[in-house]
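A.B. asks: any chance you could fold what I've pasted below:
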Amino acid sequence: MPTTTSPSTRLISLPRVAPGKPLKAAKPGTPAFRDALRDAIEAGKDVKGTHAVYNMSATDHYGVDKRARVLVKVDNGEWKLVR
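C.D. replies: Modelled structure (predicted):
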């Protein structure tokens, strides 16, 4: 299942984070299901995505840290990581 990359619409594939937990907790569309879904996403640690490694929490729904940011330069047609 693909993920989106826009920060305002970023979605992490639930099966990779917490397979089935929200469905076992409640019926989709109910407040209890939404709470279980949020809790499952926040419980996922080091979820590998296309552009970052995500660690969601109750206080951080962006979920990326400094590992998601790198500086590169093009040197003789090749990408070089700037350290």
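A.B. asks: show me the shaky parts of this protein.
C.D. replies: 1-19 (pLDDT under 70).
A.B. asks: which parts of it are helices?
C.D. replies: In the chain, the helices defined using DSSP state H lie at 14-17, 21-25, 31-43.
A.B. asks: would a markdown table of those with mean neighbour count and distance to K66 be doable?
C.D. replies: In this view, the C-beta of every residue, glycine as well, is placed from N, C-alpha and C. As requested, the helices of the chain are arranged in a markdown table below (neighbours: other C-beta atoms under 10 Å; distance: least, C-beta to C-beta, whole Å):
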| stretch | mean neighbour count | distance to K66 |
| --- | --- | --- |
| helix 14-17 | 15 | 22 |
| helix 21-25 | 15 | 29 |
| helix 31-43 | 15 | 20 |
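A.B. asks: which one of the ones you listed lies closest to G49?
C.D. replies: helix 14-17 (9.1 Å; C-beta to C-beta).
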